[in-house]
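Chemist: Need coordinates for the below:
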Amino acid sequence: MEPMRKAAEEAGITILPEFGMDPGIDLVLLKQATVGFNKIERLINYGAGFPEPSACDNPLNYKVTWTFEGVLNSYKRAGKVVHNGQVVEVADTEMFSLDKIHTLSMPELGELEAFPNGNVMKYVELLNLNPAELKHMGRYVLRWSGHCAFWRTVSQLHLLDDEPVNVNGIDVQPKKFLNAAIGHQLQYAVNERDIVVVQVETKGFDASGKPRTAVVSLTDYRDLTTGLTAMSRTVGFTASIGAQMLAAGKISKKGIISPLNDVPFKLFKNEMAKRNLHIEYEYK
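Modeler: Okay, the predicted model is just below:
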């Protein structure tokens, strides 16, 4: 979108990209999670969609609410995180490496695995953070236990590669084969629910030097009455709220704007609540 910035400003219009679930909700929450801090040492962002336990009836304990091809593309993605004060490069083949993943325990869900989700460093500048003060920072995807071990093996076998292999005289892309062979087996039944989790955790100090922590989070489940998945709700309602904010003049900045710095948290939180999507915020 960046090449369009000047033209959008000159035309006096507003473009709000990256406003779904992830990216989108996570960016609004990320900004709020930095409020009240003078120094931030830890800033961790989680975003994920996966089946509730009763819907985990396949060997992967995973089902698809968007496109499986999109999932596979996201499973071979280079990135960066901050660990122990150092910027760590994550190669596109190392997302599921043991030294790149960790576990997160959530009260309602239990233990989940977390693996890197892209480059976190671009948000350091956008949030005006001091890189020298950061000890840990990253964006992560959540899945049920065992997910990373499986996909680590798949990646190491080059089954996520785009480069074709010849099969009986036909060039076949391994990733496209996986999509065709597995994707149709990972669909939700009409009575099964998915879960969406977006959570940001911050640790640091306020202006007086007092240690502070903040957690901003949203957890949603499929609405079986309407049939809308949690992924549909968190992506679709968010985009709709953004469009209505622009149409009503509640966001008036021109050009290309960002959910990170240009969407008011309180207003967004209230609009989400009207749609039974509840954002929790704790600062202590």
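Chemist: Show me how far the least confident helix or strand in the chain by mean pLDDT is from its chain's centre.
Modeler: Here the helix or strand of the chain ranked lowest by mean pLDDT, DSSP states H and E is helix 122-126, holding a mean of 91. In terms of CA atoms, centre = their mean, to the nearest Å, the gap separating the centre of helix 122-126 from the centre of its chain is 16 Å.
Chemist: elements contacting that helix?
Modeler: helix 259-262 (3 or more CB pairs under 8 Å, 6 or more residues apart in numbering; DSSP states H and E). Using the backbone N, CA and C atoms, a C-beta is placed for each residue, glycine as well.
Chemist: any idea which helix or strand comes after the helix it packs on?
Modeler: helix 265-274 (DSSP states H and E).
Chemist: just to revisit the earlier point, just the residues contacting the least confident helix or strand of the chain, thanks.
Modeler: Helix 122-126 has contacts (CB atoms under 8 Å, 6 or more residues apart in numbering) with 30, 129, 131, 134, 137, 258, 260-261.
Chemist: which of the residues in that helix are buried?
Modeler: Neighbour counts over helix 122-126 (16 or more other CB atoms under 10 Å) mark 123-124 as buried.
Chemist: Equivalent analysis for stretch 13-27, please.
Modeler: Neighbour-count burial for stretch 13-27 flags 14-16, 19-27 (criterion: 16+ other CB under 10 Å).
Chemist: Looking at those residues, which one is closest to residue 71?
Modeler: Using CB to CB, residue 22 comes nearest to residue 71 of the buried residues of stretch 13-27, at 12.8 Å.
Chemist: quick one: the helices in the chain?
Modeler: All helices of the chain, identified by DSSP state H, fall at 5-11, 25-32, 68-74, 122-126, 147-156, 174-182, 230-247, 259-262, 265-274.
Chemist: Just put the ones you listed in CSV and tack on distance to residue 44.
Modeler: Formatted as CSV, the helices of the chain follow (distance: least, CB to CB, whole Å):
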stretch, distance to residue 44
helix 5-11, 30
helix 25-32, 10
helix 68-74, 19
helix 122-126, 12
helix 147-156, 17
helix 174-182, 29
helix 230-247, 19
helix 259-262, 16
helix 265-274, 18
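Chemist: neighbours around residue 214, how many?
Modeler: For residue 214, the count of nearby residues is 22 (other CB atoms under 10 Å).
Chemist: pretty sure it contacts residue 33?
Modeler: Yes. The pair residue 214 and residue 33 passes the contact test of CB atoms under 8 Å, sitting 5.0 Å apart.
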